[in-house]
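[1] structure, please.
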Amino acid sequence: MRLDDFDPNSVNIGDQRGSGFSLGGTGGRVGCGSIVIALIAALVFGVDPGQMLGGAQDSGAGQVQTQGGTNATESCSVDAVSRESCNALSSLNKTWAPLFEAAKIPFTPPRLVFYSQMGRSGCGTAQSAMGPFYCPQDQSIYLDTDFYRELEQRLGAGGDFARNYVIAHEYGHHIQKLLGVADQVQSAQQSNPSQANPLQVAMELQADCYAGVWAGRNKDRIDQGDLEEGLNAAHSIGDDVLTKGQVAEASFTHGSAAQRMEWLRRGISTADEDQCDTFAAFKR
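    Prediction:
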């Protein structure tokens, strides 16, 4: 995907790389298999970051952390993937801000926070095994770019558009926060626990659709093969694919591969955020 270089004055960037932060603790380390499971659980099943790390130990001890920057220009220039992420964030800001302005709804862009292995967020400790996530408490997207290696090598979803889709999906959760959808869903889940999972699925599928809307409004930047990369990524992180069909649909929290592909495709084809009402079934 051909995106313009970011304007350092138009992106809100935080950088915790090289901070040396670790969880500490006296227990044993988390094994590699557990880290992969944790990554999948947090990225795909919507696990609260704080709960995710409640009993975890520092699995990054002894590893050399990537050194971050002290401002947007430095942080976004650490490596090619950092720059790509900042370019995607800049494009997302440019796409969504006018839509909010037209609807006369206040818009505040999210912050993108880079970290390496361990970090801190408004939702608790961040760990690379969790994958990228959005924290509504501080309206920030947290990203350890090493995740993209896992995305390609372990989940079979490589390519720049697949990586951009990940950022755009988390940005979709920010849109939900600004629109009040996130708070409404949380309230509905608390008042009706039996619907907690279906409501979470609707949240995640809407974020997929919003990611598609961004892509659909930037079709002139899309290269041949990009859409296939995005749809492949959506398929690869479907609940049924990740669990190899061993988890009942009632326990899904992000949706099946077919659902994720359907809503991403709908966003791309319509480029219309009004077509992303994944909650229609709850309004009947």
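
[2] check the offset of stretch 92-107 from the chain's centre.
    Chain-centre distance of stretch 92-107: 20 Å, with C-alpha atoms, centre = their mean, to the nearest Å.

[3] where does L89 land in three-state SS?
    Using DSSP: H, G, I helix; E, B strand; the rest coil, the structure places L89 in helix.

[4] distance-wise, check it relative to C276.
    Using C-beta to C-beta, to the nearest Å, we find L89 at a distance of 20 Å from C276. To be clear about C-beta, it is placed using only N, CA and C from the backbone, and glycine gets the same treatment.

[5] next, count neighbours for the nearest residue to Q275 once chain neighbours are set aside.
    Among residues not flanking Q275 along the chain, R266 sits closest, at 5.9 Å (C-beta to C-beta, 6 or more residues apart in numbering). Number of residues near R266 (other C-beta atoms under 10 Å) recorded here: 19.

[6] for the strand or helix carrying R266, packing partners?
    Per DSSP states H and E, R266 falls inside helix 257-270. Using 3 or more C-beta pairs under 8 Å, 6 or more residues apart in numbering; DSSP states H and E, the elements in contact with helix 257-270 are helix 196-216, helix 226-236, helix 239-242.

[7] show me where the stretch 101-250 of the chain has helices.
    Taking DSSP state H, counting those that start in this stretch, the helices of the stretch 101-250 of the chain run over residues 147-153, 160-179, 181-191, 196-216, 226-236, 239-242.

[8] quick one, which of those helices is nearest to P110?
    Smallest distance to P110 across those (C-beta to C-beta): 4.2 Å, for helix 160-179.

[9] and the angle from that closest one to helix 181-191?
    Angle of helix 160-179 versus helix 181-191, following axes from the mean of the first three to the mean of the last three C-alpha atoms, to 10 degrees, is 70 degrees.

[10] buried residues, helix 160-179. List them.
    160-178 (16 or more other C-beta atoms under 10 Å).

[11] quick one: that helix to chain centroid distance?
    Relative to its parent chain, helix 160-179 has a centroid offset of 6 Å by C-alpha atoms, centre = their mean.

[12] state the mean pLDDT of that helix.
    Average pLDDT, helix 160-179: 94.

[13] quick revisit: out of the helices and strands packed on helix 257-270, deepest packed?
    Mean neighbour count (mean count of other C-beta atoms under 10 Å) peaks for helix 196-216 among these, with a mean of 24.

[14] thinking again about what came up before, so which of the helices and strands packed on helix 257-270 gets nearest G14?
    G14 lies closest to helix 196-216 among those, at 21.2 Å (C-beta to C-beta).

[15] just the CA atoms of that closest one, as PDB, please.
    The C-alpha coordinates for helix 196-216 follow below in PDB (Å, rounded to 0.1, in the frame of the first residue of the first chain):
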ATOM      1  CA  ALA A 196     -21.100 -10.600  26.600                       C
ATOM      2  CA  ASN A 197     -19.500 -12.700  23.900                       C
ATOM      3  CA  PRO A 198     -21.900 -11.900  21.100                       C
ATOM      4  CA  LEU A 199     -21.600  -8.200  21.800                       C
ATOM      5  CA  GLN A 200     -17.800  -8.500  21.800                       C
ATOM      6  CA  VAL A 201     -18.000 -10.300  18.400                       C
ATOM      7  CA  ALA A 202     -20.100  -7.400  17.100                       C
ATOM      8  CA  MET A 203     -17.500  -4.900  18.500                       C
ATOM      9  CA  GLU A 204     -14.600  -6.700  16.800                       C
ATOM     10  CA  LEU A 205     -16.400  -7.200  13.500                       C
ATOM     11  CA  GLN A 206     -17.300  -3.500  13.400                       C
ATOM     12  CA  ALA A 207     -13.600  -2.600  14.000                       C
ATOM     13  CA  ASP A 208     -12.800  -4.800  11.000                       C
ATOM     14  CA  CYS A 209     -15.400  -3.000   8.900                       C
ATOM     15  CA  TYR A 210     -14.000   0.400  10.000                       C
ATOM     16  CA  ALA A 211     -10.600  -0.800   8.900                       C
ATOM     17  CA  GLY A 212     -12.100  -1.600   5.500                       C
ATOM     18  CA  VAL A 213     -13.800   1.800   5.300                       C
ATOM     19  CA  TRP A 214     -10.300   3.400   5.700                       C
ATOM     20  CA  ALA A 215      -8.900   1.100   2.900                       C
ATOM     21  CA  GLY A 216     -12.000   1.800   0.700                       C
END
